[in-house]
Each structure stands twice: as structure tokens, then as C-alpha cells.
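# I'd like to go over a predicted model; first the sequence, then the structure.
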Amino acid sequence: MFQPDLLRGQTILITGGGTGLGRSMGLRFAELGAKVFLAARREEPLRQTAEDIRARGGTAAWGSCDVRDFAAVEKVVEQAERELGGLTGLVNNAAGNFVCPTERLTPGGFNAVVSIVLHGTFHCSLAVGRRWIEGKRPGTILNIVTTYAWTGSGFVVPSVCAKAGVLGMTRSLAVEWGRYRIRANAIAPGPFPTEGAWSRLIPSPDFEKAFQRRIPAGRFGRHEELANLAVFLVSPQSEYVTGDCVTIDGGQWLRQGGQFSDLLDVPPQLWDELAKTRRAKT
Ligand code: NAP
């Protein structure tokens, strides 16, 4: 579907780019010709992903940075532009999350998640966006949110608040910065197996099975599916798309919303019997 040089000429910074979905997006962007800069706190996953990209013929560099710290973000953006050239894209993918009944949360726990997801996304967008505006350069921001940004969800309230804020930021910046030829979009993934998400959010194998059963597509997402959607949204192919959020979840969130959606569990024989009873009555 994509030409091998679709992203040639692009330089894209990915936060949380050493692991999970960030790593998968980095590998795919580089495969399609983009230069990729990876930023997160731990050096080892960043170094490894950058090496893997280079081993496949791509261009990558990395810098250690905590997105909660605006000065550190500015430094890493400067490093990215020095080492790889002017950025054309920013993917705000870094996140923290954990499941916890809200009454057991501490203000510190709430703050930890919100400052990575909401403040971190703001810090990176501000640092990169200002450079684009001052340099009269176009750019694309892609924020990784999640479907409970609009449905809400129990047990992950700090993440809900932060992701809802990021979605609002996406739409607001699309309007405010459109005149500078800066686009802002979001992707809302459903469940995609990653070590980070699974270790923090899936408490048991039974929960995992039940979780999967509730997805109309009948399976979890594949990393290449999300990476390809991200490619489209950072590529010139989507130049007129801004302020939107594309869901990629096998139908999961819509199923949760329908009052009768759990009838997906009704076996065909029971449907046959129900139809017979209905006919008998009418
Ligand atoms: P992940 O591998 O744990 O990714 C999170 C990344 O964020 C890590 O690389 C982590 O690296 C980085 N990070 C965390 N705190 C940071 C900080 N303060 N400063 C800089 N970087 C920081 O998990 P993932 O599943 O791939 O998640 C990626 C994104 O997808 C997240 O935005 C998540 O909310 C979203 N998402 C995932 C799923 C899913 O099912 N996997 C579903 C919906 C949404 P360091 O720890 O080294 O800093």
C-alpha cells in the first residue's frame, strides 16, 4: 500500500520510542525512509531500537529525556535537530498508567500519570511547535491516546483525565496552528500487546481472555496495523486531515457502548430457538 520512500525527507521524533508501540512506529517510519529520533528515560531500549533501525538500513538517533521536565525536552529537541536535521514530525507516545481503585489513589500517583501523559505531550508540542512556527516550517503532531479518552473508564482515572486532555489539545492545536501549516491528529488504539501495557494493566490470564472476547474482531491489534495508520497520518497523503482522532480497536469501544452488544455471546442455536418462539407467538 505504501511506496518504500513515502516518508523520505521526514525527520520524526517519537517519545517512548524505545519500547512497545513507539518502537514499532519507529521501525516502520524508518523502513519508509524517515529519519527517526527516539526519546525516553531508559537508555538501553532506546539504544537497542536505534541499532535495530540502523541494522535494517534506516537512520536513527536517540536521547534520554523525561518528558515531565520542559528543559530536558527542549534539550532533546535541540539534540534531535542537531543530529538528524529539522524535525518534520512529532509523535507523543510516551505514557505511564496503572490500574487502581480511585479511592486508593494518592495525589502523587494521579500526578505521576498526568504529568507524563498530559504535561509531557504539552511540553513536547510546545518545544517542537515553537521551532516550527519561528522557522516558518510545516509540521505534523500525532498524539497516541486511547478510546476511554471519550468514554471514561473505571480504575484508570488519572490516565482517563490525561488522555482526554490530550485529545482536547489535539483538536485545539489543529485549529490554532493550522495557519502555520502544522497539523495535529491522534490515534486511539484498543488493546495491542506490549510488555509495558500488559504488565501494568492486565492483572491475570483470565482477564486477558475475557478482554479479548469483548473485541468484535476477536483478537488484539497487531503492531504493524497501528504503525501503518501512524505512517498515513504523518505522511503527505493525509495533508488535509487535522484535528481528528482515528480509532483502531477492532470495534472494542463501540461494543462496550451498545446495550445489547453482549448478545454477541449468544450461540446460533439459541437464536434459532428465539426465532421459533417469536414465530409461534405472532
Ligand atoms: P510502553 O512500551 O510502556 O510505552 C511507554 C513508553 O513511554 C516507554 O518507552 C517509556 O520509556 C516512555 N515513558 C514513560 N514515562 C516517560 C517519561 N516520563 N519521559 C519519557 N518517556 C517516558 O507501552 P505501549 O503499550 O507501547 O504504549 C505506547 C502508547 O500507546 C501510550 O501512549 C499508551 O497510552 C498508548 N496505548 C497503548 C495501548 C496498548 O494496548 N498497548 C492501548 C491504548 C493506548 P521509559 O520508561 O524508558 O521512559
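Sure, I can see it. Residues are numbered from 1 along each chain as shown.

# Spatially, and excluding backbone neighbours, which residue is closest to whichever residue of the stretch 151-282 of the chain sits closest to the ligand.
Residue of the stretch 151-282 of the chain nearest the ligand, by C-beta to the nearest ligand atom: G196 (1.9 Å). (Each C-beta comes from the backbone N, C-alpha and C, glycine too.) Nearest residue to G196 in three dimensions, chain neighbours excluded: G20, at 5.0 Å (C-beta to C-beta, 6 or more residues apart in numbering).

# quick revisit: so the residue of the stretch 151-282 of the chain closest to the ligand is in which element?
helix 195-201 (DSSP states H and E).

# ok, and what's touching that helix?
T19, G20, N97, F98, V99, V156, P191, E208 (C-beta atoms under 8 Å, 6 or more residues apart in numbering).

# which among those are in contact with the ligand?
T19, G20, P191 (C-beta under 6 Å from any ligand atom).

# May I see those residues arranged in JSON lines, with secondary structure, pLDDT and neighbour count as well?
Supplementary listing: those in JSON lines, determined by DSSP: H, G, I helix; E, B strand; the rest coil; pLDDT from 0 to 100; neighbours: other C-beta atoms under 10 Å:
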{"residue": "T19", "secondary structure": "coil", "pLDDT": "98", "neighbour count": "21"}
{"residue": "G20", "secondary structure": "helix", "pLDDT": "98", "neighbour count": "20"}
{"residue": "P191", "secondary structure": "coil", "pLDDT": "95", "neighbour count": "22"}
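
# and the stretch 51-200 of the chain, which of its residues are near the ligand?
Proximity of the stretch 51-200 of the chain to the ligand, by C-beta under 6 Å from any ligand atom, involves residues 65-68, 93-96, 116, 120, 144, 146, 189, 191-192, 194, 196-197.

# Which of the residues you listed fall in helices?
Judged by DSSP state H, these include G120, G196, A197 as members of helices.

# Kindly give a single ChimeraX line that selects the buried subset of those residues.
In ChimeraX, this line selects whichever of these come out buried by 16 or more other C-beta atoms under 10 Å:
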select :120,197
